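**Student:** Below are the sequence and a predicted model for it; my questions follow.
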Amino acid sequence: MTEVDAAAARYARVQAVMARHGVGALCVATPHLATFAAGARRVQVAGSGGTTPWVVVLAGAPAAFVFTTDPDGTPAWMPRAHVEPLRWDRVRQLARIADLVAGTSGTVACDVVAPALRDVLQGRELVDAAPVIAEATAPRTAGEIAAIGRALAAARAALGAATGVLAPGATSSTVLAALSRAMSPAGARFPLFEAIVRRDGVRLGSQDSFRDGDVIGVDVGLVLDGHAGVVADTVGCGRADVTAARRSWFRALCAIAKRCRAGTSLAALRDAAVDARATSDDGLLAHGLGVGIEDPLVDGDGGDQTLRAGTVLVLAPRLGVFRASRALVVTDGAPRWLEPAP
């Protein structure tokens, strides 16, 4: 299935969920939600770190309406009449959204609700868009899971290239440059986020240099054929040996993974991490993966959501200063690893 076909299939799933729940319009601005619902990808804008277009999906419409700073971020199959400039005047932008929504019936699902938006929708019932799209995303198809697996492999290869240049006296920018060089041969278009380099768990600046004995962690995210790969690992610089720390981390990882079955609550995953003495104090303990970093988002507070079969979940526990990630697919039984252990 081509990237265009995959985006069209995702849009059809969103329309089906909207119909089941009586949602007349879907208004989303969160990057991964907008990308899933409309196929609109992140674009680089001069002078910025990139942005994902705003999206409005009307029940029964052949395509979403996309408000963007650059039409290059919209899929080729989208009608040109559905692509509009993102208005910098908030009043005019909200008025245009209200015009589109006025022709629909049912609830309006929004991922962000501001008082000004509630005012222009004139009494329409508003619901949270995230659960609507979450229902459309899971279960992942076999083709989607395979595409995510390829993105993970590309990200893992790029991470290997980046950590391969670690040496006393090198800087974070050396690592980032190696990462950039490795992305192009893999076919990756745009980083999912700026790569993160840490020393002993503390984020480094681009010109900070490495010392013999440092423990260095690197987080990498990229997009390949419309799907995301997110990986993390920790390595030693010079004479630093992280072998024992990796073994302890792997035991904690397996303890958490055993709980990753359909129907398990996010709070239960957090409890498993606590029992394994793993933390998430520098980020997420686990998160979903698809066209971006997606629900479920598992932090130190747990949550009342439950895992769905077919969800791709990236586990990223931290044990001391050692943090790495490994992705799996949630099933009704034991989870299936989607990539080798780092």
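**Tutor:** Sure, I can see it.
**Student:** so where's this protein shaky on pLDDT?
**Tutor:** By pLDDT under 70, the weakly predicted segments of the chain are 1, 41-53, 72-73, 114, 189-190, 281-282, 300-303.
**Student:** can I see the domain layout of it?
**Tutor:** 3-137, 142-337 (automatic domain parsing).
**Student:** Can you add mean neighbour count and give those back as a markdown table?
**Tutor:** No exception for glycine: its C-beta is placed from N, CA and C like everyone else's. Converted to a markdown table, the domains of the chain look like this (neighbours: other C-beta atoms under 10 Å):
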| stretch | mean neighbour count |
| --- | --- |
| domain 3-137 | 18 |
| domain 142-337 | 19 |
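**Student:** how far out from the middle of the chain is stretch 129-145?
**Tutor:** 13 Å (C-alpha atoms, centre = their mean, to the nearest Å).
**Student:** ends of that stretch, how far apart?
**Tutor:** With C-alpha to C-alpha, to the nearest Å as the measure, stretch 129-145 spans 23 Å from end to end.
**Student:** contacting residues for the closest residue in space to Gly103 that isn't next to it in sequence?
**Tutor:** Leaving out its chain neighbours, the residue that sits closest to Gly103 by C-beta to C-beta, 6 or more residues apart in numbering is Leu58, at 7.3 Å. The contact partners of Leu58, taken as C-beta atoms under 8 Å, 6 or more residues apart in numbering, are Gly24, Ala25, Phe65, Leu100, Val101, Gly103, Thr104.
**Student:** Then Ala147?
**Tutor:** Ala147 sits next to Ala6, Leu224, Asp225, Gly226, His227 when contact means C-beta under 8 Å, 6+ apart.
**Student:** of all these, which comes closest to Thr69?
**Tutor:** Closest approach between these and Thr69, by C-beta to C-beta: Gly226, at 19.9 Å.
**Student:** Tell me which two of the contacts of Leu58 sit farthest apart.
**Tutor:** Going by C-beta to C-beta, the pair spanning these furthest: Gly24 and Phe65, at 13.7 Å.
**Student:** if we can go back for a sec, okay, the contacts of Ala147 in JSON lines with distance to Arg211 next?
**Tutor:** Output for the contacts of Ala147, formatted as JSON lines (distance: C-beta to C-beta, whole Å):
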{"residue": "Ala6", "distance to Arg211": "45"}
{"residue": "Leu224", "distance to Arg211": "34"}
{"residue": "Asp225", "distance to Arg211": "39"}
{"residue": "Gly226", "distance to Arg211": "40"}
{"residue": "His227", "distance to Arg211": "37"}
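**Student:** want to throw these into a markdown table with distance to Val127 and secondary structure?
**Tutor:** Output for the contacts of Ala147, formatted as a markdown table (distance: C-beta to C-beta, whole Å; DSSP: H, G, I helix; E, B strand; the rest coil):
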| residue | distance to Val127 | secondary structure |
| --- | --- | --- |
| Ala6 | 27 | helix |
| Leu224 | 33 | strand |
| Asp225 | 32 | coil |
| Gly226 | 27 | coil |
| His227 | 28 | strand |
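**Student:** Gly263 versus the residue nearest to Gly103, what's the distance?
**Tutor:** 34 Å (C-beta to C-beta, to the nearest Å).
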